[in-house]
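Enquirer: this one's structure only:
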């Protein structure tokens, strides 16, 4: 087993997921089986291989100044009411969320 | 009008020559959807008002005798991972169940500017994560060729809609095979363009270094026409490339004679279904007869593609999906006492099991202490996979392989085994990792009449060549 139920709880916390007890058991099994399969990557010696960190090389250089929206000045923001239209809770001016500061 | 054989050019010509109207054609398609879709499940949302308004606009042009734009009046549909202004966009997820975007995805906007009539939004695996469309939060899609089987995924609705003649062409997205594999399973053409070829502005992100938007259609010519419409630099997407867009349709007229086609031995080994192998080998023989030079090649790191993919893709997904927090849009769980509880409960209730599984895997791969062992390692192997292709393309013009190791499998067959499901993408993920384009073209059927697809992979920004080879397969 590569990971334990403690790891599952820790990672769920990092990912802002609560997970039911059943899900934790299921994911413990699934993640271990997937990670075991991923282990075959260690057959390869990659000491001197550069990581492929992004696809940007493919696109050619794109200087920020080529962005038409910047050349023309900043793009207009969404109107207030439209930006709030999909919010689960708002007071018409701000997004509303449960209390952040706990006493 | 016979919807079955209707191609883009045929639809446009019929409207241009006033043999029908765009309005009547759209209504024909809605009737067909009403009749067929309850058993298939390709559509999640119909955009009738928007479609009929556009159709009326096209009819007005036709009535004045004006030349219609390239997709004038052509009924199309869009995978539900692309934002459509004022039309619900769910990404197949409950967490976006009532999300109505305030803007259009660039690819959708370009389709409409070219005259297309957008009939609605198509079912898919939740956040495009899946190979069978069974991960949709709403309902699975069934394969029009055999309702007991899956249409493939994640663009299952996009492939099924074309196969069942419920749209002339559709847009899908492909992160590890999500256009090509369902195209293969449903017997249609599916094209994944080069990374950067098509703007992703308005595409709900899964894995940003892998995601592409591309067409599914009945013919290679239609796929070329749609690609020509949506390709090209977009100031709204800094990852869209400033590379000239050729006339992909005109390029189809060039002969395939003299092209060198690589056949990688790693794609014909263990796990490949016998009937798929026969059919693909027969297609390759036909290409040889058409004057192509068949070159045996090796892509030696192929067996490392799936593990590499599932680390890179899930790591990026865990980061992209962090935005779903129940604050600005999307589902929010009730009765949370703190902000952190609200986040956790909203995500818990809003995401389905496969999405949570991938967020967990990706978060783990990026977490302190494991980053080097998993994420960095995968990025290095990704370099090796890309080098395999770069070396092969020094000798060949395109590479031909099966699209999927098997034809469409049964619903429920792989849902309990995530790893078995991931292996359905074994021949498609490498192209996403390397940034190259790929197309799946029907090349035969199994004894049970299930479609088989041939995959053609090309050099960066050389969609013209793979389309041309695809056309040759189609003609044989």
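Expert: Nice, thanks for sending it over. Note that the structure is a prediction, hence the values are computed from the model and not measured. Numbers count the residues shown, from 1 in each chain, chains lettered A, B, ... in the order given.

Enquirer: How far off centre is stretch B:220-231?
Expert: In terms of CA atoms, centre = their mean, to the nearest Å, the centre of stretch B:220-231 is found 13 Å from the chain centre.

Enquirer: Can I take it that residue B:160 is in a helix?
Expert: Yes - counting by DSSP: H, G, I helix; E, B strand; the rest coil, one finds residue B:160 located in a helix.

Enquirer: Could you pull out the helices in the stretch 301-450 of chain B for me?
Expert: B:305-320, B:339-350, B:353-366, B:377-392, B:418-422, B:429-434 (DSSP state H, counting those that start in this stretch).

Enquirer: What is the fifth one packed up against?
Expert: The one in question is helix B:418-422. If you count contacts as 3 or more CB pairs under 8 Å, 6 or more residues apart in numbering or on different chains; DSSP states H and E, helix B:418-422 packs onto helix A:21-38. C-beta coordinates here come from the backbone N, C-alpha and C atoms, glycine included.

Enquirer: what residue ranges in chain A are flagged as low confidence?
Expert: A:56, A:58-75, A:102-103 (pLDDT under 70).

Enquirer: So which residue is dead centre in it?
Expert: The structure's chain A has its C-alpha centroid closest to residue A:15; by CA atoms, centre = their mean the separation is 8.5 Å.

Enquirer: separation between that one and chain B?
Expert: Distance, residue A:15 to chain B, using CB to the nearest CB, to the nearest Å: 4 Å.

Enquirer: now the helices of the stretch 301-450 of chain B in CSV, with mean neighbour count, distance to residue B:135 and mean pLDDT?
Expert: Output for these, formatted as CSV (neighbours: other CB atoms under 10 Å in any protein chain shown; distance: least, CB to CB, whole Å; pLDDT from 0 to 100):
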stretch, mean neighbour count, distance to residue B:135, mean pLDDT
helix B:305-320, 24, 13, 97
helix B:339-350, 20, 14, 96
helix B:353-366, 24, 5, 97
helix B:377-392, 20, 23, 97
helix B:418-422, 18, 9, 85
helix B:429-434, 28, 17, 98
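
Enquirer: Out of those, which gets nearest to residue B:132?
Expert: Comparing the helices of the stretch 301-450 of chain B by their distance to residue B:132 (CB to CB), the top pick is helix B:418-422, with 6.7 Å.

Enquirer: quick one, what contacts the residue of chain B positioned farthest from its centre?
Expert: In chain B, the residue that sits farthest from the middle, by CA atoms, centre = their mean, is residue B:337; the gap is 41.0 Å. Contact partners of residue B:337, counting by CB atoms under 8 Å, 6 or more residues apart in numbering or on different chains, are A:98, A:99.

Enquirer: how far does stretch B:132-142 sit from the chain's center?
Expert: 15 Å.

Enquirer: I meant to write stretch B:336-345 there.
Expert: 35 Å.

Enquirer: pLDDT on stretch B:227-240, on average?
Expert: Averaged across stretch B:227-240, pLDDT comes to 94.

Enquirer: and that stretch, which residues are buried?
Expert: If you call a residue buried by 16 or more other CB atoms under 10 Å in any protein chain shown, then stretch B:227-240 has these buried ones: B:227-237, B:239-240.
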